[in-house]
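Visitor: sequence first, predicted model second:
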Amino acid sequence: MANEENLKSWKPGESGNIKGRPKGKLNRSTIAKRWLTTNQKYVNPITQTEEDLTQEDIITLALVKKARQGDSRAYSELMNSAYGKAKESVDITQFVEQPLFPDVQEDDCNKEDTKTQ
């Protein structure tokens, strides 16, 4: 069972993480970007020549290779990276107008009006 003392919110000016993240500590995004931009000599599988490529280039080329071998997921990821994900669309041309209250018939309303006149 949870300790009720732990469920109380902090008082204004207090913090549960007093020291916080140390200054200069890099976040995961910064570290990933640094490694993805690291260069390496690599034989380009498309041109068959050795090139100085970034890790991001090498990974993208691996996806291209898998897509060319018929991997539809690799192809989909490449297309999403290059052109963005396709937005979901709704076909409104198939809309069929229906009454708000299907149990009330339009003719019944007109009959009542003619009886009162």
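Guide: Perfect, thanks for sending it.

Visitor: pretty sure W35 sits in a helix.
Guide: Yes. Assessed by DSSP: H, G, I helix; E, B strand; the rest coil, W35 belongs to a helix.

Visitor: give me the secondary structure label for the spatially most central residue of the chain.
Guide: For the chain, K85 is the residue whose C-alpha lies nearest the centre (C-alpha atoms, centre = their mean; 8.3 Å). Classification of K85 by three-state DSSP places it in coil.

Visitor: read off the pLDDT value for it.
Guide: K85 is assigned a pLDDT of 87 by the prediction.

Visitor: export the lengthiest helix in the chain to CSV, keeping only CA atoms.
Guide: Longest helix in the chain, counting residues (DSSP state H): helix 55-68. Taking C-alpha atoms only, helix 55-68 is exported to CSV below (Å, rounded to 0.1, in the frame of the first residue of the first chain):
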residue,chain,number,x,y,z
GLN,A,55,26.4,7.1,-38.9
GLU,A,56,23.1,8.6,-39.9
ASP,A,57,24.0,8.1,-43.6
ILE,A,58,25.1,4.5,-42.9
ILE,A,59,21.9,3.7,-41.1
THR,A,60,19.8,5.3,-43.9
LEU,A,61,21.8,3.3,-46.5
ALA,A,62,21.0,0.1,-44.6
LEU,A,63,17.3,0.9,-44.7
VAL,A,64,17.6,1.6,-48.4
LYS,A,65,19.3,-1.8,-48.9
LYS,A,66,16.5,-3.6,-46.9
ALA,A,67,13.8,-1.8,-48.8
ARG,A,68,15.4,-2.8,-52.1
